[in-house]
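Student: next come a sequence and a model predicted from it.
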Amino acid sequence: MNLFADAIAWLLDPANWGGPSGISARLLQHLAVSAVVLVIAAVIALPIGGLIGHTGRGKQLAVMVSGGLRALPTLGVLTLFGLWLGIGLRAPVLALVILAIPPLLAGAYAGFESVDRRTVDAARAMGMRETQIVGKVELPIGLPIVVGGIRSAALQVIATAMLAAYLADVGLGRFIFEGLKTRDYAQMLGASLLVILLALVVDGAFALLQRLVTPTGVRLARSARTGTEPARKRTPARRTITEGNPV
Amino acid sequence: MIEFRGVTKQYPDGTVAVGGVDLVVPPRTTTVLVGTSGSGKTTLLRMINRMVDPTDGAVLIDGTDVATVDPVRLRRSIGYVMQNSGLLPHRTVLDNVMTVPLLKGTRRQTARARAMELLETVGLDASLAQKYPAQLSGGQQQRVGVARGLAADPNILLMDEPFGAVDPLVRQELQQELRRLQRELGKTVVFVTHDIDEAFLLGDQVVLLRTGGRVVQSGEPAEFLASPADDFVSGFVGADRGRRRLRLEEVGGRRVVVDEDGRPAGVLEP
């Protein structure tokens, strides 16, 4: 418990927050690295995932590849890239991109795939072009799931971006590696707590975003299926049609 | 006029969905394609708006081979109504009805006015315009589907088992409404169903298909009962069953039509 109190004390000490290697600077670096990684991984994985979900082709391959990527130990990959690319940010960013791709890919294709094929068929039969089907039907309806993929990728990247400090003077991981060397366990635990907090905050933000991008009609359809919607009303047919009605 | 000329659809695995169909759909009438599942009726329907391309033969609309028309432009000029309404769940009823006019570049205000008009035409209250499909009953959704199919004022309306998923009472109501609409609008309607009663009720021309996509018989509904082409036809239309074999009985001085079991079917008008 003492260590825990020390860690809190370390976090609350204003002296630890300022300067180029203070907590604020490290926090911003950590977020910046995570953001860059997510953007790169998203640019690669989201279009591919969307295409797989739209066409229904290549899913087997995607599952295999992302399964394989998931199985890679990030520290090992980082070491390998470090030997190849040297000290600096390039190796950690690359390793983290590999970590982020599987959840993004899965979110994208699951999101597009979640759209009822009959809805897509109807959109096509009405005369929507393929790009319009993607943009006006599949993307808006599947977006909450796509954002879910980004959310889980963000969580993993923020937690694992500690490793960036293994090869570069960047991010909250510096406090861990530094603390390990100097046996400053309060600092190590404090930095860990900070990363946990950061991950939770970002996760919460994405959860909120997921709700915001869920179209009203889709939410209603979901609650209607699970039966929480009030009984559906039928308005009687217009009176003027009674002449054509069966007696 | 829609014309099928020796139209065949064979899938790579060898399955023949449609086998050499020759058929003319006269303008401003309702043609019903009827048959069991696997008879290729939906495939035939979807060839008209190029959702399916034939492997052999041609489909012509007013003399133009549809294969020469850009599918997107073609589809925007043809109304399409499907079984589960196919409404876009994330758009309001009004936006759903406005979809095709907006795709065609109609001004928003014009499309909106037209859509409101159409909701009334299909018997839906204006207050439903801002609802989402999930908030409507199955019958209401189908009405919206019909309104959407009519929104761009197409000459041709394709209907793929549009009333298949609603309960019998609502189905009857919708069938009667379609008859009224057709009297008012005079579209060229191609309607797919597996229900022979629905085919007889709605069709000016009925086309009976059987497995492998072959036309067994086509003509006016009464012809199917008067002169069925073969045993398959009489079996399908029920001409060999009690319900269709009617005779007259004298009851209280009036002539009552009864079926084979003596159950009353109606009264003969003098």
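Tutor: That came through, no problem.
Student: contacts only, for residue B:243.
Tutor: Applying CB atoms under 8 Å, 6 or more residues apart in numbering or on different chains to residue B:243 gives the contacts B:259-260. Where C-beta positions appear, they are placed from N, C-alpha and C, glycine not excepted.
Student: what of residue B:213?
Tutor: In this structure, residue B:213 makes contact with B:8-9, B:16-19, B:21, B:39-40, B:43-44, judged by CB under 8 Å, 6+ apart.
Student: so which of the residues you listed is the closest to chain A?
Tutor: When those are compared for distance to chain A, the smallest value, 13.4 Å, is given by residue B:43; criterion: CB to the nearest CB.
Student: quick check, the closest one in contact with residue B:17.
Tutor: Yes: assessed by CB atoms under 8 Å, residue B:43 is found in contact with residue B:17 at 4.4 Å.
Student: returning to that earlier point: among the contacts of residue B:213, which ones are in helices?
Tutor: Using DSSP state H to define helices, the subset of the contacts of residue B:213 located there is B:43-44.
Student: could you dump the contacts of residue B:213 into CSV and include pLDDT and neighbour count?
Tutor: Formatted as CSV, the contacts of residue B:213 follow (pLDDT from 0 to 100; neighbours: other CB atoms under 10 Å in any protein chain shown):
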residue, pLDDT, neighbour count
B:8, 96, 16
B:9, 95, 22
B:16, 93, 16
B:17, 94, 22
B:18, 94, 27
B:19, 92, 19
B:21, 95, 25
B:39, 92, 24
B:40, 93, 28
B:43, 95, 22
B:44, 96, 27
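Student: pull the most distant pair out of the contacts of residue B:213.
Tutor: Largest separation among the contacts of residue B:213 by CB to CB: B:8 and B:39, giving 14.2 Å.
Student: longest helix in the chain, please.
Tutor: By default, I'm working from chain A. When chain A is parsed with DSSP H, its longest helix is helix A:23-55.
Student: that's the wrong chain, I wanted chain B
Tutor: In chain B, assigned by DSSP H, the helix with the most residues is helix B:168-185.
Student: contact partners of whichever helix or strand residue B:265 is part of?
Tutor: Using DSSP states H and E, residue B:265 falls within strand B:264-267. For strand B:264-267, the external contacting residues (CB under 8 Å, 6+ apart) are B:246, B:254-259.
Student: same check on stretch A:202-214?
Tutor: Contact with stretch A:202-214 is made by A:143-144, A:147-148, A:150-151, A:154-155, A:158, as judged by CB under 8 Å, 6+ apart.
Student: from those residues, which is closest to residue B:158?
Tutor: Within the contacts of stretch A:202-214, the smallest distance to residue B:158 is 30.8 Å, found for residue A:143 (CB to CB).
Student: how is that closest one assigned, secondary-structure-wise?
Tutor: Assigned with DSSP: H, G, I helix; E, B strand; the rest coil, residue A:143 falls in the helix class.
Student: quick check: it touching residue A:112?
Tutor: No: in this structure, residue A:143 sits apart from residue A:112 without contact. The criterion is CB under 8 Å, and the distance is 9.8 Å.
Student: who has more neighbours, the two?
Tutor: Legend: neighbour count by other CB atoms under 10 Å in any protein chain shown for residue A:143 and residue A:112, higher for residue A:112 (26 against 20).
Student: just give me the neighbour total for residue A:87.
Tutor: By the criterion of other CB under 10 Å, residue A:87 has 11 neighbours.
Student: for residue B:155, same thing?
Tutor: Residues contacting residue B:155 under the criterion other CB under 10 Å number 16.
Student: what's the answer for the one 10 residues further on, then?
Tutor: As a burial measure, residue B:165 scores 16 neighbours (other CB under 10 Å).
Student: so it versus residue A:115, what's the distance?
Tutor: For residue B:165, the distance to residue A:115 under the criterion CB to CB, to the nearest Å works out to 19 Å.
Student: look at residue A:166 and say how many residues are nearby.
Tutor: The number of residues packed near residue A:166 is 19, by other CB under 10 Å.
Student: could you do residue B:94 as well?
Tutor: 20.
Student: let me see the confidence value for the residue lying closest to it once chain neighbours are set aside.
Tutor: Counting by CB to CB, 6 or more residues apart in numbering or on different chains, the nearest residue to residue B:94 once its immediate chain neighbours are dropped is residue B:129, at 4.2 Å. Residue-level confidence at residue B:129 comes out at 96, pLDDT.
Student: center of chain B - which residue?
Tutor: residue B:191 (1.8 Å; CA atoms, centre = their mean).
Student: residue A:126 and residue B:154: what is the separation?
Tutor: 11 Å.
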